[in-house]
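Colleague: here is my input; please provide its structure:
(2 chains)
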Amino acid sequence: MSIVTVQLGQCGNQIGFEVFDALFSDSHCPQGLCSKRENEAYQASCKERFFSEEENGVPIARAVLVDMEPKVINQTLSKAAHSGRWKYDQHSCFCQKQGSGNNWAYGYSVHGPRHKESIMDLIQKEVEKCDSLSGFFIIMSMAGGTGSGLGAFVTQNLQDQYSNSLKMNQIIWPYGTGEVIVQNYNSILTLSHLYRSSDALLVHENDAIHKICAKLMNIKQISFRDINQVLAHQLGSVFQPTYSGEGSWHYRRNPLGAFKDPALYTSWLEPVHAFSVWKTQRAFSKYEKSAALVSNSQFLVKPLDVTVGKAWNMFASKAYIHQYTKFGIEEEDFLDSFTLLEQVIASYCNL
Amino acid sequence: MTQSVVVQVGQCGNQIGCCFWDLALREHAAVNQKAVYDEAISSFFRNVDTRVADGGGDISRGKICSLKARAVLIDMEEGVVNEILQGPLRDVFDSKQLITDISGSGNNWAVGHKVFGSLYQEEILEKLRKSAEHCDCLQCFFIIHSMGGGTGSGLGTFLLKVLEDEFPEVYRFVTSVYPSGEDDVITSPYNSILAMKELNEHADCVLPIDNQSLFDIISKLNLMVNSGKLGTAIKPKSLVTSSAGAFKKRQEKPFDAMNNIVANLLLNLTSSARFEGSLNMDLNEISMNLVPFPQLHYLVSSLTPLYTLADVNIPPRRLDQMFSDAFSKDHQLIQADPKHSLYLACALMVRGNVQISDLRRNIERLKPSLQFVSWNQEGWKTSLCSVPPVGHSHSLLALANNTCVKPTFIELKARFMRLYKKKAHLHHYLQIEGMEESCFTEAMASLSTLIEEYNQLDATKCMPTEDVPRLSVAI
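Modeller: Got it, this is the predicted structure:
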C-alpha cells in the first residue's frame, strides 16, 4: 500500500525533504525496541509505502516535486542525493523559470492549466510504479503562490482523475505576522477550494511549531530547517505503519483511510469511531514511546476565524485585488470563498 | 531562473549603472569561486565566447569565458558613455548595446522625451529586443535615471512607454534620483514633474532616491572613519560607499561613493532572486506584496549596515541593531520619516546568517512603534537569503510603501509652482514640437491626484481601527 507524495512550492519541497528523511531514518533505526522479526516487517512496510527500490539499492522516494522556479528543487534534489541514503527520482520533477509571485491567481489560473498535462503525467508515472496505491499526500503552504494556488489546482485534478484514491493535504498555516502580505487572501482561496476537493486537511501552524522549538526544545536561533524537522517528525509518527485490525504481523493500516469524511466538518460521530487508536510495538526514531494525536476538533476555528477576519478587512478596502483580477480571479470568486468559510466556521461553532 | 536587463539613461543613470556593474562582478566573484557560469550570474550577465567573431552565441553553462552585462546604455552626450567604454569595465559592455548622440538634452525634459524620443525610437526598440532575445526568461527591466535633467528624465521616461507596449509582461522597476533642494539645474522642477506623470502611469515600481540623503550617509561615514578610535577598525570593503576590491581599480570620482550606495540597493533587492535561501523572494513578489493599488507604487528604501567593524568580538546585539537602524531616518535613501507616517506595506529583505526567529523577534519588537494602515495591520513581507553581501556577515534592505514620500512630492510641487507661476523658462519647452501648456497642467494634475491619495490615507491614521462587519450566513 503505497502513498505518492506531491511537494509543491518552496515550503512543500523543503518540508517534503525533511519528511522523507525522517521516515527513512526511522525505518532504518536499529533500536526498534522490539523483536527482530517485528522490526523487519516494519521496515519492509515503511519502505514499500514511501520508497521504491532502485537496482543499486538506493531507495527512491515516491514523490513528485513541483515548483515554478528552479532554486529550491535543485537544492532539494542535491541534498537528498548527497545524503547517499535515499534520493529523489530526477525525472519526477517539474520546474519552470519564473515563480508565481505569491499570487494565488497566477498559481491557479495561469500555471495550473498551462502545466496540467505535464504535472499529471509525472504523477501518473509515480502511481504506476506502485503495486497498490493508498492515496496521495500533498504538501503545500497557504501563504505563497505556487503551493497554494497550483496546489489547489492539482488537488482538484487528482479528485477528477483518481476519484477512488484518497487525498490528504498537508497545509502550512503561515505565521500570523507577515511572511507574505497577501497571505490571508491566498489562504482563504486555498481553503475554500481544498474543502471541495480534498479528503483530509492536516494543518500545521508555523507559529505553533515555532513555540515548540522555543519552549519545548529550547532552540535559541530557530531556523526554518528546525521548524521543518519538527514538522517532519510529527508527520512521520502519524504515517508510520501500525497494526491493522487482523493479526499482529500485518502492517496494513492505511493512515489515509481514517479520513474518509471531509475532515473539516462532520455532522456527528459515533463515540466508537471518534477516537481511533493505532498501536505499534516498534518505537519511532529512537524515542521509546511516542504518541501522535490527530484530531478533528474545534481547535482550528480560531485561526480560521482570525484569517478570514483579516482577509475580509483587506477585501473591504479592495487592496491588492487588482493583482488577482489581472489573472482571472474576480471579486465574485473572493466572495464565494468567504461565504463557504463563514459557513464552515458557523458549523464548527454550532457543535 | 529569470534574467533582468538594466537600462541606464543619461549621465546620472550611466554613472550609477557603472558602479552597479562593478559591484555586481565583485559580488559574484566572491560567491562563485570556481568561475562556473551558473544561474545566479546569468540573471545579470551573459557568457560570451569572444574567440568567435561578432561575439558568437551565448554559452549557457560551463566555465566563464567572457561576461557581458545585460545592459543598454543610453545618453545624448558622449562623454560619460565614452569614459565607461575606455575605462576598466569596457569589456563588460557589449559595444553594440549603446545609443548616444552628441548635443545633449540641455536639461530640458521636452528635448529628451519628444525630440530624442522620436528620433531614436526605432533604435531603442531594436536594442531592447536584442537584449530580450539573449534572455531565456526575461522578468524585469531596471531603469536607472535622474529626474532633474533632460536625458535621464525625458528620454528615460519615454522609454517606459515603449517598454510597456513592447514587453507588457516584463516588470519595470525604476530607480529615480530626485533633485534635492539646492539642485543647480534651475529647470529641475519642470523636468521632475513632467517625468513623474510618466512614472505614475507606466512604472510598476519606483525607488525614489535623493542626493541629499546619500550625501548625509557619506558625511556620517566620513566622520566615523576619521574619528580615529573607531575608524581604524572598519573593514574597507564593507563600507556601503566603497569600491574596494572591485573589479576595476579606478580613480574614485566625486559621485562614486553616493552611486555605490544605490548600486548596493539594487544588488540587495535582487539577491533573494539570484541566490538561495530558506525563504526566497522573487522580483514579481515585490510588486505583488508592496503595491496595494496600482498608482501607489513608490517605495522608500533603507540599507543597513553601512559598514562592518573588523573586530570579530562584536556581540550578537549587533543583529538587532541592524533592524532598528533600518527604520531610522539616517539610513533612508530619501529624505523621509516613515516612523511618523503611515505604512501601507513593508518588506524586509535579509541576507546572511539570520534565521526566522531573529526576524520574528525584531518584527515583534519594532511593530508597536510603527503605524500600519487599518486594513494591513500585519503588512510585512519577509525574505531570507543565505548569501551575505561582500564584507558583511548579514545585511538588511527595508522597502516601505509609506505615506512619508508625500513631503517630497509636495516640495517638488511647490518648487514647480514657483517657476510656473512666473512662466519662467517655459518657452524652452513650448518651442519643442509636441509640447503645449496642457502637458504641464496634466502633469501637475497627475501629481496632485497622487498627493491626494496619500492625504486620504494619512487621514485614517488617527482613527480607531474598526473591523468591517463580516458576512452572516445561513447554515
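Colleague: output the below-cut-off pLDDT ranges for the stretch 51-200 of chain B.
Modeller: By pLDDT under 70, the weakly predicted segments of the stretch 51-200 of chain B are B:52-57.
Colleague: from it, which residue is nearest to chain A?
Modeller: With Cβ to the nearest Cβ, the shortest gap between the stretch 51-200 of chain B and chain A falls at residue B:137, namely 3.9 Å. Just so you know, the C-beta spots here come from the backbone N, C-alpha and C atoms, and that holds for glycine as well.
Colleague: could you report the neighbour count for the closest residue to that residue other than its chain neighbours?
Modeller: Spatial nearest neighbour of residue B:137, excluding adjacent residues (Cβ to Cβ, 6 or more residues apart in numbering or on different chains): residue A:97 at 3.9 Å. Other residues near residue A:97 come to 16 when the count uses other Cβ atoms under 10 Å in any protein chain shown.
Colleague: also residue B:6?
Modeller: 25.
Colleague: check whether it sits in a helix, strand or coil.
Modeller: Following DSSP: H, G, I helix; E, B strand; the rest coil, we place residue B:6 in the strand state.
Colleague: what bridges to it?
Modeller: Beta bridges link residue B:6 to residue B:71, residue B:142, judged by DSSP bridges.
Colleague: against residue B:43, how distant is it?
Modeller: 11 Å (Cβ to Cβ, to the nearest Å).
Colleague: lowest-pLDDT helix or strand in chain A?
Modeller: helix A:271-274 (a mean of 37; mean pLDDT, DSSP states H and E).
Colleague: which helix or strand lies directly C-terminal to that helix?
Modeller: helix A:301-316 (DSSP states H and E).
Colleague: list the buried residues in that following helix.
Modeller: Across helix A:301-316, burial judged by 16 or more other Cβ atoms under 10 Å in any protein chain shown covers A:301, A:303, A:304, A:305, A:307, A:308, A:310, A:311, A:312, A:313, A:314, A:315.
Colleague: now stretch B:44-64
Modeller: B:44, B:45, B:46, B:47, B:48, B:55, B:58, B:59, B:64.
Colleague: same question for stretch A:54-70.
Modeller: A:59, A:60, A:61, A:62, A:63, A:64, A:65, A:66, A:67, A:68, A:69, A:70.
Colleague: and if you look at stretch A:109-129?
Modeller: A:109, A:110, A:111, A:112, A:115, A:119, A:120, A:122, A:123, A:126, A:127.
Colleague: tell me if the longest strand that chain B contains is near chain A.
Modeller: Counting by DSSP state E, the longest strand found in chain B is strand B:342-352. Yes: contact of strand B:342-352 with chain A (Cβ under 8 Å from any Cβ of the partner chain) involves residue B:345.
Colleague: on contacts alone, who are the packing partners of that strand?
Modeller: For strand B:342-352, the elements it packs on are helix B:256-274, helix B:283-290, helix B:356-366, strand B:371-372, strand B:380-385, strand B:394-402, helix B:437-459, judged by 3 or more Cβ pairs under 8 Å, 6 or more residues apart in numbering or on different chains; DSSP states H and E.
Colleague: tell me which strands it pairs with, and in which orientation.
Modeller: Strand pairing (DSSP bridges) places strand B:342-352 next to strand B:371-372 (parallel), strand B:380-385 (parallel), strand B:394-402 (antiparallel).
Colleague: nearest to residue A:142, out of those strands?
Modeller: Distances from residue A:142 to each of the strands paired with strand B:342-352 were compared using Cβ to Cβ; the minimum, 15.4 Å, belongs to strand B:380-385.
Colleague: what residues does the closest one touch?
Modeller: A:102, A:177-181, A:224, B:271-272, B:275-281, B:285, B:289-290, B:345-352, B:354-356, B:359, B:363 (Cβ atoms under 8 Å, 6 or more residues apart in numbering or on different chains).
Colleague: which of these are buried?
Modeller: Among the contacts of strand B:380-385, those classed as buried by 16+ other Cβ under 10 Å are A:102, A:178-181, A:224, B:271-272, B:275, B:277-281, B:285, B:289-290, B:345-352, B:354-356, B:359, B:363.
Colleague: mind listing which of the buried residues of stretch A:109-129 are in helices?
Modeller: Cross-referencing the buried residues of stretch A:109-129 against helices under DSSP state H gives A:112, A:115, A:119, A:120, A:122, A:123, A:126, A:127.
Colleague: ok, so of the residues you listed, who is nearest chain B?
Modeller: residue A:115 (14.6 Å).
Colleague: who does the residue in chain B that chain A sits nearest to form a beta bridge with?
Modeller: Of all residues in chain B, the one sitting closest to chain A is residue B:380 (2.7 Å; Cβ to the nearest Cβ). Residue B:380 has these beta-bridge partners by DSSP bridges: residue B:346.
Colleague: residue A:218: how many residues sit nearby?
Modeller: Around residue A:218 there are 7 residues (other Cβ under 10 Å).
Colleague: pick out the residue in the stretch 51-200 of chain A sitting closest to chain B.
Modeller: Taking Cβ to the nearest Cβ, the stretch 51-200 of chain A has residue A:178 as its residue nearest chain B, at 2.7 Å.
Colleague: so that residue touches residue B:378, yeah?
Modeller: Yes: using Cβ atoms under 8 Å, residue A:178 is in contact with residue B:378, at 5.3 Å.
Colleague: mean pLDDT added to the helices and strands packed on strand B:342-352, as CSV?
Modeller: As requested, the helices and strands packed on strand B:342-352 are exported to CSV (pLDDT from 0 to 100):
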stretch, mean pLDDT
helix B:256-274, 91
helix B:283-290, 93
helix B:356-366, 91
strand B:371-372, 92
strand B:380-385, 93
strand B:394-402, 94
helix B:437-459, 94
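Colleague: now do the strands in the chain.
Modeller: No chain was given, so I picked chain A. With DSSP E as the criterion, chain A has strands spanning A:2-8, A:51-52, A:60-61, A:63-67, A:93-95, A:133-141, A:166-173, A:200-205.
Colleague: not quite, I wanted chain B
Modeller: Here chain B has its strands, by DSSP E, at B:3-9, B:45-47, B:67-69, B:71-75, B:98-100, B:138-146, B:171-178, B:205-210, B:300-304, B:342-352, B:371-372, B:380-385, B:394-402.
Colleague: ok, which of those comes nearest residue A:187?
Modeller: Closest approach to residue A:187 among those (Cβ to Cβ): strand B:380-385, 15.0 Å.
Colleague: what about stretch A:332-350, near chain B?
Modeller: Yes: judged by Cβ under 8 Å from any Cβ, stretch A:332-350 comes into contact with chain B through A:338, A:339, A:342, A:343, A:346, A:347, A:350.
Colleague: how about that stretch: buried residues?
Modeller: So, applying 16+ other Cβ under 10 Å, buried residues of stretch A:332-350: A:333, A:334, A:337, A:338, A:340, A:341, A:342, A:343, A:344, A:345, A:347, A:348.
Colleague: the residues you listed in helices, which ones?
Modeller: Counting by DSSP H, the part of those found in helices is A:333, A:334, A:337, A:338, A:340, A:341, A:342, A:343, A:344, A:345, A:347, A:348.
Colleague: how about the third one, what does it touch?
Modeller: Same thing as residue A:337. A:188, A:189, A:191, A:192, A:193.
Colleague: re the thing from before, what is the nearest of the ones in helices among the buried residues of stretch A:109-129 to residue A:235?
Modeller: residue A:126 (18.8 Å).
Colleague: tell me which residues form a beta bridge with the most centrally placed residue in chain A?
Modeller: With distances taken as Cα atoms, centre = their mean, residue A:170 lies nearest the centre of chain A, 2.2 Å away. Residue A:170 has these beta-bridge partners by DSSP bridges: residue A:139, residue A:202.
Colleague: deepest of the strands of chain A, which one?
Modeller: Of all those, strand A:63-67 has the most neighbours on average by mean count of other Cβ atoms under 10 Å in any protein chain shown, namely a mean of 28.
Colleague: now tell me what touches that strand from outside.
Modeller: So strand A:63-67 is in contact with A:4-10, A:12-13, A:16, A:20, A:73, A:76-77, A:88-89, A:92-96, A:99, A:119, A:122-123, A:126, A:146, A:150, A:154, going by Cβ under 8 Å, 6+ apart.
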